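Peer 1: Take this sequence and fold it.
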Amino acid sequence: MKKATVLFLITGILLSFGFYPIDGYERSRIERLLDIQNTLDKGEKYTRIPAGAFASIDDIKLNLLSVNEKSVDEILTEDKEFSKKLNRLFPGSGYSASILDITDPDNTRYAAYRENVGYQPGSVGKIAVLNALFYELQKIYPDDFEARISLLCNKRVKSGIWGVGDHHTVPIYDKEKNKLSRRQVIASDEFTLFEWADHMVSVSNNGAASVLYREAMLMSAFGMEYPRLTEEQSENFFKNTKRDSLTKLANTVVNDPLREIGISEDDWRLGGVFTNGPDKYVGRMGGSIGSPKGLMKYLLQLEQGKVIDSLSSLEMKRLLYITDRRIRYARSSRLDSARVYFKSGSFYSCDKSRPGPCGEYAGNKFNYMNSVIIVEHDDGKKYIVCLMTNVLSKNSAGAHMYLASEIDRIITQD
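Peer 2: Have a look, this model is predicted:
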C-alpha cells in the first residue's frame, strides 16, 4: 500500500473519532490536542508526528496484566541467547542497557548489558515526579479514580518561581484564535495539573516538572484539603516551613513510592527539583542516579498494573505516549509506525582543562544521555528498552537512533 494511501486512511480514521492520547481531550482537557484536531478537521495533514503517534486512547493498554503475579526477579532473569544477540551491538564502557521482549507475556525474554551501572538520569527522572503525583492523588481519593482525573483536569495552578528558567518551550493553544504558539514558561502562566504533566513529559519542560514536584509536596502536606488549597495558602506553606523540613519532604515524596515497589536507592533516586527558583525553599538531598535495571523494574511493573494501581499505571502510560515530536532513540524510522511510550534525558558538563572537544549534549567532563521506551508494533511485537550512555565529547543522539533500529530489527525478525 502506498504511503499517501496509508496517511489518508489514518487521517480518515482520526476524523471519525478524534484523538489522544489525541482523542483524550474530553478526558484530559489538554488544550494542545485541539490544535491537532482542528488541523485534521480542516482536511490538512499534521506532519509533526509519525503514523504511530495517532493511536486512540482505547488502543493503549497494559501488556502484562495477565502475569502480574510474577515477580520482577522472575521476569528479569537473563536469557543468555537473547542477550548474546543484543549485547554485540554495544561498543563497551559508556553504554548500559536492559531490554525486555514482552511480545508473549508468558514467555518474556530479558537481555542485560552492564545493567546495574548508575548514571545521572537527567529528564528520565521526571517519571518519578509523575509517579509521585499519581501516588498522592491515590491518597486523597483512595476509592475514586475518576475524582483523581477530575482534579487533574480542573485544578489550575500558577508557575510562580518554580516553573521559570528553562529553555524548553511549551505549547500554548488559543481556543478563540485556533492558534498554537510555543514559548518559555513565565511566572504568571497557569495550567491544569494535567497540562503541566503533559508539558513535563511530552516536551520535557523542567519548569513543569518543578511545578508538579511542588504540587505533590502540597498534596502530601495537606491531604484531603489540597483540592481547595488556594495559591496564597500554598505560598504561605513554603514561606513558613523550615527549609530542611521541606527538603526532607521533597525527598520522601518522590522516592518513597519507588521504594514501595522494590526499587532501591541505587536502582533509582531523585535528589531534587529541576529548576533553580525553588532553591530558596527546597534543597537537594542524596543526588540523582538511575540504572537501566532500576528503570526497567519500574516500566515492567507499570505494564503489570502494579505501580500504585492498574488505573494509575494505565493513565501514566497514556501520558508517556508520545504525540509530540519524537527525538533521539524514538526518532528511528523503524519505529515510525509503532506506538512508543518514551522519555529521554541528558545531562552534560564541559571543562576546558580536560582533553577533547565539548559542546551542547557533548560534554567532556560527563555526558549522560538516557532513553527509556516501550515499543508496540501492529503485528504484536512489543518490548521495553532502558538505554543509558556516558560517551564524552559526542552527542549520542545518533548512536541512540542506530541502536533503536538495530534492537528493533533483532526483536522483530526473531
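Peer 1: can we go C-alpha only for contacts and neighbour counts from here?
Peer 2: Will do.
Peer 1: Run a quick neighbour tally on the residue lying closest to N154 once chain neighbours are set aside.
Peer 2: Leaving aside its sequence neighbours, N154 sits nearest to T192 (Cα to Cα, 6 or more residues apart in numbering; 6.1 Å). The tally of other residues near T192 (other Cα atoms under 10 Å) stands at 20.
Peer 1: Likewise for S333?
Peer 2: Neighbours of S333 (other Cα under 10 Å): 14.
Peer 1: For the residue nearest to N154, give me its contacts.
Peer 2: 152-157 (Cα atoms under 8 Å, 6 or more residues apart in numbering).
Peer 1: cool, Y321 as well?
Peer 2: 21, 53, 339-342.
Peer 1: circling back: let's see the pLDDT reported for the residue nearest to N154.
Peer 2: We have a pLDDT of 96 for T192.
Peer 1: any idea how far L314 is from it?
Peer 2: T192 sits 20 Å away from L314, going by Cα to Cα, to the nearest Å.
Peer 1: same question, A216
Peer 2: 19 Å.
Peer 1: Please apply the same query to R228.
Peer 2: 26 Å.
Peer 1: for F222, same thing?
Peer 2: 26 Å.
Peer 1: quick one, phi/psi of the residue nearest to N154?
Peer 2: Backbone torsions for T192, taken as degrees, to the nearest 10, come to phi -70, psi 160.
Peer 1: For it, list each beta-bridge partner.
Peer 2: On DSSP bridges, the residues paired with T192 through beta bridges are R156.
Peer 1: Would you mind measuring from it to S28?
Peer 2: Applying Cα to Cα to T192 and S28 gives a distance of 9 Å.
Peer 1: Identify the contacts common to these two.
Peer 2: 152-153.
Peer 1: Using the record's assignment, carve this protein into domains.
Peer 2: 1-59, 65-119+293-413, 123-290 (automatic domain parsing).
Peer 1: among these, which gets the worst mean confidence?
Peer 2: Lowest mean pLDDT within the domains of the chain: domain 1-59, a mean of 65.
Peer 1: Closest one of the contacts of T192 to I49?
Peer 2: The shortest approach to I49 among the contacts of T192 belongs to C153, at 24.7 Å (Cα to Cα).
Peer 1: List the buried residues of the helix or strand where that closest one lies.
Peer 2: Using DSSP states H and E, the element containing C153 is helix 145-154. When neighbours are counted by 16 or more other Cα atoms under 10 Å, the buried residues of helix 145-154 are found to be 148-149, 151-153.
Peer 1: measure the closest residue to L65 other than its chain neighbours to R259 for me?
Peer 2: Setting aside the residues directly before and after it, L65 is nearest to Q304 in space (Cα to Cα, 6+ apart), at 4.6 Å. Relative to R259, Q304 is positioned 17 Å away (Cα to Cα).
Peer 1: Those two: who's more crowded?
Peer 2: A direct count of neighbours by other Cα under 10 Å for Q304 and R259 places Q304 higher, at 23 against 15.
Peer 1: how about S220, what does it touch?
Peer 2: 136, 253.
Peer 1: Quick one: end-to-end distance for stretch 86-96.
Peer 2: End to end - Cα to Cα - stretch 86-96 spans 12 Å.
Peer 1: Work out the gap between that stretch and the centre of the chain.
Peer 2: 24 Å (Cα atoms, centre = their mean, to the nearest Å).
Peer 1: So what touches that stretch?
Peer 2: 111-117, 292, 387-391, 403, 406-407, 410.
Peer 1: Distance-wise, check Y383 relative to L89.
Peer 2: Distance, Y383 to L89, using Cα to Cα: 17 Å.
Peer 1: more crowded one of these two?
Peer 2: For Y383 versus L89, the count of surrounding residues by other Cα under 10 Å is larger for Y383: 24 against 13.
Peer 1: hang on, the earlier thing: look at R228 and L314 and report which has more neighbours.
Peer 2: L314 (19 against 10).
Peer 1: what's the angle from the helix or strand hosting the more buried one to helix 145-154?
Peer 2: Secondary structure from DSSP H and E places L314 in helix 310-320. For helix 310-320 against helix 145-154, the angle by axes from the mean of the first three to the mean of the last three Cα atoms, to 10 degrees is 30 degrees.
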